[in-house]
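**Student:** Quick one, structure for this:
(chains A, B, C and D)
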2 protein chains.
Amino acid sequence: MAVTDEAIEKIKGMIVSGALRPGDRLPKESELAADLGLSRNSLREAVRALSLIRILDVRQGDGTYVTSLDPQLLLEALSFVVDFHRDDTVLEFLAVRRILEPAATAMAALRISEQQLDALTAQLDKLGDDPSVEDLVACDLEFHRGIVQSSGNSVLCSLLDGLSGPTTRARIWRGLTQEDAVGRTLREHRAILAALRDRDAEAARSWATVHIASVEQWLRSTL
Amino acid sequence: MAVTDEAIEKIKGMIVSGALRPGDRLPKESELAADLGLSRNSLREAVRALSLIRILDVRQGDGTYVTSLDPQLLLEALSFVVDFHRDDTVLEFLAVRRILEPAATAMAALRISEQQLDALTAQLDKLGDDPSVEDLVACDLEFHRGIVQSSGNSVLCSLLDGLSGPTTRARIWRGLTQEDAVGRTLREHRAILAALRDRDAEAARSWATVHIASVEQWLRSTL
DNA sequence: TGAGCCTGATACGTCGGAGGTCTAAGCGAC
DNA sequence: GTCGCTTAGACCTCCGACGTATCAGGCTCA
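**Tutor:** Below you'll find the predicted structure:
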């Protein structure tokens, strides 16, 4: 195994074992390199790799720190990975989202606060009845993110955030090419929100399923 | 932005745009560094980072290649990230798994082949009635992986694979401390398998839910 | 006395070059 | 035609130097 890979494993080990805790500062590059028995260049490769997936936070002129290791932060790296997938696997991502999002919406129905409900309502009101496709898609992302956050599971939230990325382009495309897509999306959002207000988990789950299935169906017929 | 980060973005762009396709070979380090306008050292940091998340495959003495970019390969990186989470977030991972696994099991009920069913049966038979805890947990992983693969969604499969890792230790712990855990797991596996043989998606879903919920319940009462 | 500026120490960022190791392909002997 | 060796090419590792950003402490000036 290459020394750099060893260094990655060792640093990972220090964190997992608890020797390094979230927020802790690592020894400076030259010292850490000496400790681990490699050159500063090779160590930097290891640190850079860990920093790409948000394990380490490198600040020039200051030092290198262990991040908070929040699921949200770490799963951000997922969206970077997901970006590499081509259109032919979008359907698979969408299928997973179709499983998770209704479940998250149902969970949110039982936990969401009145405040958040009002915020979501305001958001939909602000968008109006005839938004641009770009605005709609951006609002769509925000709307679902707001709901999923209310599920109370940050892992679930980050995962869905990552999965939503690759379908964004598809949704824009759909809005531009399918006649009724905008109106339909707006109506479905209202329906989901109403179900949440009623604390009706099953209705919320069903509307969320319908909402995603319609995108899926369109995508499947198009590809 | 640092030159290394720029390089990461540029390489990513070359792949996403299609200029570099899966399996393609990158120019040699010195040439690529010159093209992108940075030193070989800095470029290596970028390449190493992309190689950690399985975007690039570096082969000493040969060259650097774009990986297949299979969802399975890319989401492998997820398990690396998941390793960093501490026990207090295991419950959140388990909750997500509780959503995905029943759905995957239900999907599998409609698609799994007789061959795979026989293989799963043989696997359970081989384990016997009184296995060691380690064997049981290993078999558990294999069993569920086999089923999820039959769902036909490779993204779902990789995701569950990644999520199962952090709960493995918990399951071993459970097997060691909870009296009936081993027998119960064996019975539940048999039940899931029977439902799959009957092509009864709803029964399969329910048994999978029960199976995971029992782990979740135990874990919740223990922490 | 307090705020603000300045400066030095510190740590990360980037670079160029040298030598080592590994792989694959070409070549010759059998 | 096959096997083993040689060699060129590519990545691996290291070193030393200099650039740049940050922070802390001292200094100046109201």
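**Student:** In which helix or strand does A:Arg205 reside?
**Tutor:** Element membership for A:Arg205 (DSSP states H and E) is helix A:201-222.
**Student:** Can you name every helix or strand that that helix contacts?
**Tutor:** helix A:90-111, helix A:154-177, helix A:181-197 (3 or more C-beta pairs under 8 Å, 6 or more residues apart in numbering or on different chains; DSSP states H and E). For the C-beta atoms, the positions are set from N, CA and C on the backbone; glycine is no exception.
**Student:** Relative to DNA strand D, which of those is closest?
**Tutor:** With C-beta to the nearest atom of the strand as the measure, helix A:154-177 is the member of those nearest DNA strand D (27.2 Å).
**Student:** Tell me who's in contact with the most centrally placed residue in chain A.
**Tutor:** Central residue of chain A (C-alpha atoms, centre = their mean): A:Asp161, 2.1 Å from the mean position. By C-beta atoms under 8 Å, 6 or more residues apart in numbering or on different chains, the residues touching A:Asp161 are A:Leu75, A:Glu76, A:Ser79, A:Arg145, A:Val148.
**Student:** what's the answer for A:Leu56, then?
**Tutor:** The neighbours of A:Leu56, taking C-beta under 8 Å, 6+ apart as the test, are A:Ile11, A:Leu26, A:Val47, A:Leu50, A:Thr64, A:Tyr65, A:Val66, A:Thr67.
**Student:** Kindly state the beta-bridge partners for it.
**Tutor:** A:Val66 (DSSP bridges).
**Student:** about what we covered before: kindly reformat the helices and strands packed on helix A:201-222 as JSON lines containing distance to B:Trp218 and mean pLDDT.
**Tutor:** Converted to JSON lines, the helices and strands packed on helix A:201-222 look like this (distance: least, C-beta to C-beta, whole Å; pLDDT from 0 to 100):
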{"stretch": "helix A:90-111", "distance to B:Trp218": "21", "mean pLDDT": "93"}
{"stretch": "helix A:154-177", "distance to B:Trp218": "19", "mean pLDDT": "76"}
{"stretch": "helix A:181-197", "distance to B:Trp218": "31", "mean pLDDT": "90"}
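**Student:** Domain ranges for chain A, per the record?
**Tutor:** A:3-66, A:72-222 (automatic domain parsing).
**Student:** so A:Val3 touches A:Arg40, yeah?
**Tutor:** No - with contact defined as C-beta atoms under 8 Å, A:Val3 and A:Arg40 do not form a contacting pair (11.9 Å).
**Student:** tell me which parts of chain A are close to DNA strand D?
**Tutor:** Near DNA strand D, the residues belonging to chain A are A:2-4, A:37-42, A:59-62 when assessed by C-beta under 7 Å from any atom of the strand.
**Student:** Which ones among these map onto strands?
**Tutor:** Secondary structure assignment by DSSP state E places A:Arg59 of those in strands.
**Student:** And for A:Ile192, nearest residue in space, chain neighbours not counted?
**Tutor:** Of all residues not flanking A:Ile192 in the chain, A:Trp207 sits nearest, at 4.6 Å (C-beta to C-beta, 6 or more residues apart in numbering or on different chains).
**Student:** How much space separates the one you found from chain B?
**Tutor:** 17 Å (C-beta to the nearest C-beta, to the nearest Å).
**Student:** ok, now A:Pro22?
**Tutor:** A:Pro22 is 9 Å from chain B, by C-beta to the nearest C-beta.
**Student:** What values do phi and psi take at that residue?
**Tutor:** Main-chain dihedrals, A:Pro22, degrees, to the nearest 10: phi -50, psi 130.
**Student:** Burial check on the residue of chain A found nearest DNA strand D, number of neighbours?
**Tutor:** Among all residues of chain A, A:Gly61 sits closest to DNA strand D, at 2.4 Å; criterion: C-beta to the nearest atom of the strand. For A:Gly61, the count of nearby residues is 4 (other C-beta atoms under 10 Å in any protein chain shown).
**Student:** can you put the domains of chain A in a markdown table and add distance to DNA strand C?
**Tutor:** Below are the domains of chain A laid out as a markdown table (distance: least, C-beta to the nearest atom of the strand, whole Å):
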| stretch | distance to DNA strand C |
| --- | --- |
| domain A:3-66 | 3 |
| domain A:72-222 | 18 |
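**Student:** if we can go back for a sec, and chain B, which of the residues of chain A next to DNA strand D contact it?
**Tutor:** A:Ala2, A:Thr4, A:Asn41 (C-beta under 8 Å from any C-beta of the partner chain).
**Student:** Would you mind giving those as TSV with neighbour count and distance to A:Ala201 added?
**Tutor:** Below are those laid out as TSV (neighbours: other C-beta atoms under 10 Å in any protein chain shown; distance: C-beta to C-beta, whole Å):
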residue	neighbour count	distance to A:Ala201
A:Ala2	14	51
A:Thr4	24	49
A:Asn41	14	55
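**Student:** Pick the one among the contacts of A:Leu56 closest to A:Ala203.
**Tutor:** Closest to A:Ala203 out of these is A:Thr67 (38.9 Å), distances taken as C-beta to C-beta.
**Student:** Number of residues surrounding that closest one?
**Tutor:** Neighbour tally, A:Thr67, other C-beta under 10 Å: 18.
**Student:** So in chain A, where's the weakest helix or strand by average pLDDT?
**Tutor:** helix A:154-177 (a mean of 76; mean pLDDT, DSSP states H and E).
**Student:** Spatially, which residue comes closest to A:Asp200, not counting chain neighbours?
**Tutor:** A:Ala109 (6.3 Å).
**Student:** highest average neighbour count across the helices and strands packed on helix A:201-222?
**Tutor:** Of all the helices and strands packed on helix A:201-222, helix A:90-111 has the most neighbours on average by mean count of other C-beta atoms under 10 Å in any protein chain shown, namely a mean of 22.
**Student:** Cool, thanks, signing off.
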